[in-house]
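Peer 1: show me how the following folds:
(chains A and B, ligands or ions: 2)
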Amino acid sequence: MEKDTKAFQRIYTKLFQLTKATVSLQASGIGNEELAIVDGRLAQVVKIMGDIVTLQVFAGTEGIANDAEVIFTGKAPTLKVGEDLAGRFFNAYGEPIDGGEIMGEEREIGGPSVNPVRRKQPSEFIATGIAGIDLNNALVTGQKIPFFADPDQPYNQVMANVALRAEADKIILGGIGLTNDDYLYFKRVFDDAGALDRIVGFINTTENPPVERLLVPDMALSAAEYYASEKGQKVLVLLTDLTLYADALSIVSNRMDQIPSKDSMPGSLYSDLARLYEKAVQFPDGGSITIIAVTTLSSGDITHAIPDNTGYITEGQLFLRKDSDIGKVIVDPFRSLSRLKQLVIGKRTREDHPQVMNAAVRLYADAANAKTKLENGFDLTDYDERTLDFAKAYSEKLLAIDVNIEVDAMLETAYDLFGKHFTPVEVGLKKEFVEKYWKK
Amino acid sequence: MNTIGKVTGIIANLVIVETQDRVAQNEICFIKHDNTRLMAEVIKIMGQKVYTQVFESTRGLKVGSEVEFAGHMLEVTLGPGLLSKNFDGLQNDLDKMTGIFLKRGEYTDPLESDKEYEFTPIAKKGDTVAAGDWLGEVKENWIGHKIMVPFVFEGEYTVKSVTDAGKYKIEDTMAVLTDKDGKEHKVTMIQKWPVKVPIKAFKEKPRPFKVLETGVRVFDTLNPMAEGGTGFIPGPFGSGKTVLQHALSKQAEADLVVIAACGERANEVVEIFTEFPELDDPRTGRKLMERTTIIANTSNMPVAAREASVYTAMTISEYYRSMGLKVLLLADSTSRWAQALREMSNRMEELPGPDGFPMDLPAIISNFYSRAGYVYLNNGETGSITFIGTVSPAGGNLKEPVTESTKKAARCFYALSQQRADSKRYPAIDPIESYSKYLEYPEIVEYLNKQNGEDWTKNVWFIKDALLRSKEVYEQINILGDDGVPLDYHITYWKGEVVDFVISQQDAFDKIDQRSDFTRQRYMLEKVVDVLKSDFKFESFEEVNPYFKKLINQYKQMNYSEFESEEFKKNEKELEVIIQERKVA
Ligand SMILES: Nc1ncnc2c1ncn2[C@@H]1O[C@H](COP(=O)(O)OP(=O)(O)O)[C@@H](O)[C@H]1O
Ligand SMILES: [Mg+2]
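Peer 2: Ligands and ions are numbered 1, 2, ... in the order given. Just a heads-up that it's a prediction; the model follows:
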């Protein structure tokens, strides 16, 4: 059955087992994770037992016959990297969607990890203009953080805004099961902002087979590594939506008869996601990879295996929700967290930033308690009433995602609100800050 | 001749090797691939089929590749030079690796073979010695690093000679021992030991009877950790497990600290090796890094090496314990290790236990925890390993196999609560759910009362009770409304809040508050108990809340000021004034 064409390409034409996602055949000299073309579709070696090789076909096996042609390529998935990437959009296999060839050096994707002792502690503040982020959950270069949002939240819009304001040298968009509309939306906003030459896109839309998606994050991160580690650039990687990536993982593991763990996810979900997110890094020479991702939730449930494992891996999460009091989407100050914020706030930003942030969130929490009291039919005190007024204004002027101001202006806005609703004792800032910044 | 085999199957990092010859369970082997050798461990033997887990990526590996068995289990090299190091899970020195990215198949020397150490003999010619006995010592940072009779030596030996004091390298012969058959054995500064086998070169392991001061009040005052004790910290993500472990590693009263960063974030390890070389060890005035060894197998490093990382860390701890030292071992997170076991058991198609974890998970966990402990060495000296691991329960639900298995193995339970973390009550240890079994040991109670005054444990139980009652009345107030309960309820509630804010809560990022020694904890405990035992006069419930807020705020000012400083005393005076405002004589 075997005939040799090119040096490393061996062709087989006898498949003895086909499932929805995999094919198995007799072959020799095949490397683990090697790529093959099965009936014109890309596939990857996932298991070798003696001379039986099992391949995962990314586009699915529909219509493949047991005499289909299988060509082994002798290599793992690769991406051609080079200056040519900038401004271009690619499919999950790293082929330009917009036609034409790419010149560059071929690299295996999903490569090795950075030696932890060669990393630098992240320390550069990323200003996004959104107070729900900059004031309460400041981001830092080299950080990895997802938006946790229900599918109806405008996370892609927020992400596009963040990307454009972040002053990154390159923005790499990994579209994982992106709707075609959202893909065109990203293209348009980047174009309108004149930023297309800083963008590289790897796009798998809902029209493409789900298993193909598994290649997208590695493609995007390999491009990011090229710019960050070899060119010393500040790279921002946007991955949307990693919930769909995890869903694709579960499809594959299910078809390979693996025992599922919680929520039908593969037992290796934590390691699979960590392998991607840990590509975020600050290099000592200034290059960095920052990952901002999206994890869509189902009805805000963060205990589901996907957000749960994500939360254990990432350096915080930005939780989007609609505030019905003001009719806008806000970055929820309770459920959001940036674990790296303490590296920059009060250091790269004004000294009183941490205190102002905490005081405002505490007052917002008091308002939440007052609200519960109200709902339970108890009387409100004067203080309760004031916290409710404060909370509404705070939500409108600072938490809403349409805010776009500098950090100093955010702090000033906070003092405005404090002064209007409370006494300095109630706010509880350090004395020196009250003297210096409190609005009389 | 070492056993040779051939690769016949590959599923991710599970590689099946066929061989006709002798292999042992847990034996190490090396798989030849291109110009590298990939290290693997035997995990199952079925006739000629040997199942191995590879500690590296298996990308590109082919069947037919040659495999060489090493003839020993996974082992570490023990000797001077382990301190201040950053190792990976297999004890490779990460600083010696070349390049920015980890290269597969690159293995580096954990110690420095050309470094000289100042040696002083301890044993004399003619002494009878056994495994673990001290032959001499060298200076490693500030520690007197003992050169011991290798742990693999069985039975008794006679010292034929010990090298004179002077400077030597680690591979030099430091002593010659004669066994009972008259055969001579050379001893250098280094020895090897298989990580999965406990080092038992001690005479006796008593029940822990001393308390390990950590400087963290929820530990020391409320749920004390014994020297040589075990404990674990379960909690959902973001609840403060890592911050708490870092606090322990900085402040605990240990001679040295071994940190196993097991399957967690690389940036958290970076934080340690960025900050520790700069931070002072309050006990010795030296830098914290000088007493610290890091075993880093972060989440993006090979999964199979996660398991190795915790065992490597434990073995290094046991080595230093045998020198009569007080070792604190921290592992973050033991759940990642359990998950690595699950991934492998799944690939081997073993019958799964609850949540897909291997059936023997509880036994594996309890065996590991049992390696901690306080010991009397053969020479009467003492040493200890205090072990505290974190657990990352799926969905934050504590009814899952890793948490439940660990709860059976560990004596202290520090449950982090999402609710407390959300309301920024750090450290978010649930004051009601958490416990230290040691607080029930008569020998620990005696120790504490002797150290902190005879009322100490009585006061501790008193404030624990105040927390519980506060929680109970809080629920009542929530149901019945502020004015639907007697005034007393409000006071009871707020007295519990005093304990919570002043004792339980502690700001890990504040220079002063982050560390509180027993003297200070005792002072504050008495100050709090006084208030709890006092009666206060209020006209209506509306006065209770602002008053106690003011009181708590003043207490916190004390926590934030240096103990017994002018500022501290000033704040204390102000506190007294506030107390007198409403106290009923
Ligand atoms: N003792 C503490 N004091 C102040 N902040 C804390 C404390 N513990 C945790 N935090 C906050 O919570 C965040 C998450 O803590 P971390 O220990 O990383 O959580 P986990 O390891 O449980 O996921 C930290 O980045 C910090 O902002
Ligand atoms: Mg952690």
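Peer 1: report the beta-bridge partners for the most centrally placed residue in chain B.
Peer 2: Nearest to the geometric centre of chain B sits B:Leu330, at 1.8 Å (C-alpha atoms, centre = their mean). Judged by DSSP bridges, the bridge partners of B:Leu330 are B:Ile259, B:Ile388.
Peer 1: ok, now B:Ile16?
Peer 2: B:Gly9, B:Tyr51.
Peer 1: quick check: which element contains the residue of the stretch 1-150 of chain B found nearest ligand 2?
Peer 2: At 17.6 Å from ligand 2, B:Gly89 is the closest residue in the stretch 1-150 of chain B, using C-beta to the ion. Bear in mind the C-beta positions are built from the backbone N, C-alpha and C, glycine included. Assigned by DSSP states H and E, B:Gly89 belongs to no helix or strand.
Peer 1: ok, now which ones touch it?
Peer 2: By C-beta atoms under 8 Å, 6 or more residues apart in numbering or on different chains, B:Gly89 lies in contact with B:55, B:262, B:295-297, B:301-302, B:305-309, B:312.
Peer 1: what pLDDT does it get?
Peer 2: At B:Gly89, the model reports a pLDDT of 95.
Peer 1: the one 10 residues further on too?
Peer 2: Reported pLDDT at B:Gly99 in the predicted model: 92.
Peer 1: would you mind measuring from the residue of the stretch 1-150 of chain B closest to ligand 2 to B:Ile365?
Peer 2: 18 Å (C-beta to C-beta, to the nearest Å).
Peer 1: and the residue nearest the centre of chain A, backbone torsions?
Peer 2: Centrality entry for chain A: nearest residue to the mean C-alpha point is A:Ala293, 1.2 Å, by C-alpha atoms, centre = their mean. Here is the backbone geometry of A:Ala293 (degrees, to the nearest 10): phi -120, psi 170.
Peer 1: what are the boundaries of the helices in the chain?
Peer 2: Assuming you mean chain A. Taking DSSP state H as the criterion, chain A carries its helices at A:131-134, A:155-165, A:180-192, A:216-225, A:242-255, A:269-277, A:305-313, A:353-375, A:382-394, A:407-421, A:424-427, A:431-437.
Peer 1: not quite, go with chain B.
Peer 2: Counting by DSSP H, the helices of chain B are B:217, B:241-251, B:266-275, B:304-321, B:334-347, B:361-369, B:401-409, B:418-422, B:442-452, B:456-480, B:487-499, B:518-533, B:541-560, B:566-582.
Peer 1: contacts only, for A:Glu396.
Peer 2: Applying C-beta under 8 Å, 6+ apart, we find A:Glu396 in contact with A:326, A:328.
Peer 1: same thing but 6 Å
Peer 2: A:Ile326 (C-beta atoms under 6 Å, 6 or more residues apart in numbering or on different chains).
Peer 1: in chain B, what residue lies closest to ligand 2?
Peer 2: Closest point on chain B to ligand 2, by C-beta to the ion, is B:Thr242, at 3.2 Å.
Peer 1: next one: that residue, what pLDDT does it get?
Peer 2: In this prediction, B:Thr242 has a pLDDT value of 94.
Peer 1: residues of the stretch 151-300 of chain A that sit close to chain B?
Peer 2: A:259, A:261-262, A:267-268, A:270-271, A:274-275, A:278 (C-beta under 6 Å from any C-beta of the partner chain).
Peer 1: export these to a markdown table and tack on pLDDT, distance to B:Val138 and neighbour count?
Peer 2: Formatted as a markdown table, those follow (pLDDT from 0 to 100; distance: C-beta to C-beta, whole Å; neighbours: other C-beta atoms under 10 Å in any protein chain shown):
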| residue | pLDDT | distance to B:Val138 | neighbour count |
| --- | --- | --- | --- |
| A:Ile259 | 82 | 51 | 17 |
| A:Ser261 | 85 | 48 | 24 |
| A:Lys262 | 87 | 50 | 19 |
| A:Gly267 | 87 | 46 | 26 |
| A:Ser268 | 90 | 44 | 22 |
| A:Tyr270 | 93 | 42 | 28 |
| A:Ser271 | 92 | 40 | 21 |
| A:Ala274 | 96 | 40 | 28 |
| A:Arg275 | 95 | 41 | 20 |
| A:Glu278 | 97 | 38 | 24 |
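Peer 1: any stretches of the chain with poor pLDDT?
Peer 2: Looking at chain A here, since you left the chain open. Regions of chain A meeting the criterion pLDDT under 70 cover residues A:1-9.
Peer 1: quick check: domain ranges of it?
Peer 2: A:10-72, A:78-343, A:353-437 (automatic domain parsing).
Peer 1: pick the most buried one from those domains.
Peer 2: Among those, domain A:78-343 has the highest mean neighbour count (mean count of other C-beta atoms under 10 Å in any protein chain shown), at a mean of 21.
Peer 1: just checking, B:Leu94 touches A:Arg118?
Peer 2: No: at 8.5 Å, B:Leu94 does not count as touching A:Arg118 under the criterion of C-beta atoms under 6 Å.
Peer 1: what residue in chain A comes nearest to ligand 2?
Peer 2: For chain A, C-beta to the ion, closest residue to ligand 2: A:Tyr312, 7.5 Å.
Peer 1: so what's the closest residue to that residue other than its chain neighbours scoring on pLDDT?
Peer 2: Spatial nearest neighbour of A:Tyr312, excluding adjacent residues (C-beta to C-beta, 6 or more residues apart in numbering or on different chains): B:Phe237 at 4.5 Å. As predicted, B:Phe237 sits at a pLDDT of 92.
Peer 1: which one of the helices of chain A lies nearest to B:Tyr447?
Peer 2: Between B:Tyr447 and those, the tightest spacing by C-beta to C-beta is seen for helix A:305-313, at 37.2 Å.
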